[in-house]
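K.L.:
quick check, what structure comes out for this input:
(2 chains)
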Amino acid sequence: GAVVSQHPSRVICKSGTSVKIECRSLDFQATTMFWYRQFPKQSLMLMATSNEGSKATYEQGVEKDKFLINHASLTLSTLTVTSAHPEDSSFYICSTRDSSYNSPLHFGNGTRLTVT
Amino acid sequence: QKEVEQNSGPLSVPEGAIASLNCTYSDRGSQSFFWYRQYSGKSPELIMFIYSNGDKEDGRFTAQLNKASQYVSLLIRDSQPSDSATYLCAATNTGTASKLTFGTGTRLQVTL
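P.N.:
Predicted structure coming up:
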């Protein structure tokens, strides 16, 4: 089945710094990746949809200049949290499909970001 | 109104019993439905997906879909303590770039 690798699994950074999260599809080409965020005891909230070779589409309320998404290749998408603040502390998860638009999403293992 | 709604629980069932998890959705255009299991601190893992009205069985799991009532359910037979987790219902609509909308999840506790 599809395998999505996400790195790092856990990161602690100081307020004001930037953090990059990588998401790789290991055995298939992912033209579209979805980035989710999950706060404690809440559901997954879609942040943005990244498409290989084009600009990401951000959900309402998500700052595109703060959460930079790059999808430069068919196997790699990155999310950079710029000038992180404590309120950005959350669980960030990437996901993608390995086939049709209707097929299930496969998730990376997630990145636990803590901003001190 | 939330697009995908679930009772947050916790739903407590004894080991060996049937756990019934329910989900409703508001968008009649939704075509595909998914159940994910999420353990604390982990990312979701796919349990089942269903596209057509009726039942779909896979091992101890049965997904049920009723598009007329906009209702999806997941039955877990012979519940085990390892089934204790949060179960997320999700729906996708091909008219929205195939995005997946998640419910808030139902926490299931299987007691010994």
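
K.L.:
how far away is A:Ser18 from B:Leu46?
P.N.:
If you measure A:Ser18 against B:Leu46 using Cβ to Cβ, to the nearest Å, the figure is 32 Å. C-beta here means a position set from N, CA and C on the backbone, and glycine is covered the same way.

K.L.:
more neighbours: which of those two?
P.N.:
B:Leu46 (16 against 12; other Cβ atoms under 10 Å in any protein chain shown).

K.L.:
what strand or helix carries that one?
P.N.:
strand B:45-50 (DSSP states H and E).

K.L.:
what's stretch B:75-87 in contact with?
P.N.:
Residues outside stretch B:75-87 that contact it (Cβ atoms under 8 Å, 6 or more residues apart in numbering or on different chains) are B:6, B:13-21, B:35-40, B:47, B:60-64, B:74, B:105-112.

K.L.:
got the end-to-end distance for it?
P.N.:
One end of stretch B:75-87 to the other measures 11 Å (Cα to Cα, to the nearest Å).

K.L.:
so which bits of chain A are right by chain B?
P.N.:
A:6, A:32, A:34, A:42-46, A:49, A:57, A:91, A:93, A:95, A:97, A:101-110, A:112 (Cβ under 8 Å from any Cβ of the partner chain).

K.L.:
what about those, which are in strands?
P.N.:
A:6, A:32, A:34, A:45-46, A:49, A:57, A:91, A:93, A:95, A:106-107, A:112 (DSSP state E).

K.L.:
ok, now which ones touch B:Leu65?
P.N.:
B:Phe33, B:Ile50, B:Tyr51, B:Ser52, B:Asn53, B:Gly54, B:Lys56, B:Tyr71, B:Val72.

K.L.:
so how do I select the buried members of those in PyMOL?
P.N.:
In PyMOL, this line selects whichever of the contacts of B:Leu65 come out buried by 16 or more other Cβ atoms under 10 Å in any protein chain shown:
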select buried, chain B and resi 33+50+72
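
K.L.:
between the contacts of B:Leu65, which is nearest A:Leu74?
P.N.:
B:Tyr51 (26.5 Å; Cβ to Cβ).

K.L.:
that closest one reaches B:Ser32, doesn't it?
P.N.:
Yes - counting by Cβ atoms under 8 Å, B:Tyr51 does reach B:Ser32; the two are 5.3 Å apart.
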